[in-house]
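Enquirer: when you get a sec, could you give me coordinates for this:
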Amino acid sequence: MVLSPRLEISQKQKLMMNPQMRQAIELLQLTNVQLADMLKREMEQNPFLAFDAAHFREAGHGDAPRAVTVDGKSGAGLNDKIEAVRVDFAAPDYSGEGGDVSAMLENRAADTGGLSSHILQQIGEEMTDRDMAALAIELTGWLDDDGYLRESDAEICQTIGVAADLLQATLTRLQSFSPAGVFARNLGDCLSLQLRASGDWTPRHQALLDNLDILGRGDMASLAAAMGIESDALPPYLQAIRALDPRPAAGFDTPDTTLALPDVIVLDGDSGWQAYLNEDSLPSVLVLERDWEEMAQRKITDEERNFMKTNVQSARWLKKATQQRAATLLRVSRAIVAHQQGFFSGGMAALLPMGLRDIAEEIDMHESTVSRSVAGKLVQTAEGQFSLKDLFSGAIGGKQSGSQQGGANVKTVSAQAVKARLAALVAGEDTAQVLSDDALVALLAGEGIVLARRTVAKYRNALKIPSSAQRRRAAKIARMAGD
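Expert: Numbers count the residues shown, from 1 in each chain. Just a heads-up that it's a prediction; the model follows:
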């Protein structure tokens, strides 16, 4: 068989996406704040593009969209985290600091916040030895969010090349700092440091801390035996331990009271809950047509004219694309709110099953368009702020179950509503009669929500609710401690 070249003509359909179509899809996925940032970058390159101040309220934004504040507090500096304060321990640079430990810390303390700043201040006030102070600064950067130093002595010594005796001496000083329990290596160590700082430490307290695993199992008889006391003598020790703080750094975490700007606002009206676009954060594009007309009348080169023409066309398209994005987001949001009227009145327990296809079919859009529209978008309601995507949930139930008590019809409910009801049942349980997963299955079935035990366990774990055995042990410890 001899192969020879030949020409063939074939016809096929293929979806081609030009750059404008691709950018329109990208715009749909952006939040209002992200859209404003993108437009600012475009305006730096396009002389015919600007914000329409009549729609994008600059009085509430300044040079850039900013976060809404709560109780008059600005978002700047909130939610301080423990940040690493790294120095080159092997060869610290003290140049220009005159050998003064306080001077060495002044600049570093100014750049940190929360617990780190508090500890650096104590280092400057109480440590005069330069090597110890330098190591203390280094170790401050190793603290985790709870205020613990989790790494072993060997790991620290090997990583930063410090002698074990200097490390131990420095840690002893640091563990005497406030808050009590900071620089502990584990939970037992943290609680022991707090007891010692308060002067309440005894060998029996330490025996309890050495056997926290037994306490966690709720085996009070074995715990009392390990401490060398009778079981009825346990309550005062349990009360002392429960009064301690297992997270000494928590008190230095500034609560994050900043709310992100919502893209959609839901308000109650005469015809029910209604969705509106948040015009305070929604940027509106203005094309500087007069500037283009004036420039076009001047004597300029063809290259300059083509440059300006390209930019003004780009600005016009961008204005149209942002308007289309806003219209699409509004249509999708109103369809969602119309479907979930019960949620805005009754909370997550009233959330109905709803999928992307339900909304897409209702407003005659493709599922992918609906998905891109809700991606990352926040909705502000009377009960707080939610993600639009959180309002979508799969359906559970809808079948007749012969095992269901009373033979009642099984409800078709959303998975989120089931989780909300499950959390409410556990929150309201009698601590003397903790509900098992089987008991939760029966209670939900009595309400028309038929689930398998493994499904209840899966939802309980997703909600971070301990098992019935763990809740029972916690209740027993609380009763013995007198709570």
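Enquirer: which of the residues in stretch 440-451 are buried?
Expert: Applying a neighbour-count criterion of 16 or more other C-beta atoms under 10 Å, one finds 440-441, 443-445, 448-451 buried in stretch 440-451. Yep, even glycine has a C-beta here, placed from its N, CA and C like the rest.
Enquirer: need these in JSON lines (columns: secondary structure).
Expert: As requested, the buried residues of stretch 440-451 are exported to JSON lines (DSSP: H, G, I helix; E, B strand; the rest coil):
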{"residue": "Leu440", "secondary structure": "helix"}
{"residue": "Val441", "secondary structure": "helix"}
{"residue": "Leu443", "secondary structure": "helix"}
{"residue": "Leu444", "secondary structure": "helix"}
{"residue": "Ala445", "secondary structure": "helix"}
{"residue": "Gly448", "secondary structure": "coil"}
{"residue": "Ile449", "secondary structure": "coil"}
{"residue": "Val450", "secondary structure": "coil"}
{"residue": "Leu451", "secondary structure": "coil"}
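Enquirer: and those as TSV, adding pLDDT?
Expert: Converted to TSV, the buried residues of stretch 440-451 look like this (pLDDT from 0 to 100):
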residue	pLDDT
Leu440	91
Val441	89
Leu443	89
Leu444	87
Ala445	86
Gly448	83
Ile449	84
Val450	86
Leu451	85
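Enquirer: go through the residues you listed and name the one nearest Phe252.
Expert: For these, the closest approach to Phe252 (C-beta to C-beta) belongs to Leu440, at 38.2 Å.
Enquirer: not counting sequence-adjacent ones, nearest residue to the closest one?
Expert: Distances taken as C-beta to C-beta, 6 or more residues apart in numbering put Val456 closest to Leu440, at 5.2 Å, once the chain neighbours are dropped.
Enquirer: using CSV, write down the CA coordinates of the helix or strand containing that neighbour.
Expert: Using DSSP states H and E, Val456 sits within helix 453-462. Extracted in CSV, the C-alpha atoms of helix 453-462 (Å, rounded to 0.1, in the frame of the first residue of the first chain):
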residue,chain,number,x,y,z
ARG,A,453,-27.3,6.9,61.6
ARG,A,454,-24.0,7.3,59.7
THR,A,455,-25.5,10.5,58.0
VAL,A,456,-26.2,12.0,61.4
ALA,A,457,-22.7,11.1,62.6
LYS,A,458,-21.3,12.7,59.4
TYR,A,459,-23.3,15.9,60.0
ARG,A,460,-22.4,16.0,63.7
ASN,A,461,-18.7,15.7,62.9
ALA,A,462,-19.0,18.4,60.2
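Enquirer: now it: buried residues?
Expert: Those would be 455-457, 459-460, for helix 453-462 by 16+ other C-beta under 10 Å.
Enquirer: now render these as a markdown table, adding pLDDT and distance to Leu425.
Expert: Shown next, in a markdown table, are those (pLDDT from 0 to 100; distance: C-beta to C-beta, whole Å):
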| residue | pLDDT | distance to Leu425 |
| --- | --- | --- |
| Thr455 | 87 | 14 |
| Val456 | 89 | 10 |
| Ala457 | 89 | 14 |
| Tyr459 | 88 | 11 |
| Arg460 | 89 | 10 |
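Enquirer: looking at these, which one is closest to Ala207?
Expert: Using C-beta to C-beta, Arg460 comes nearest to Ala207 of the buried residues of helix 453-462, at 34.0 Å.
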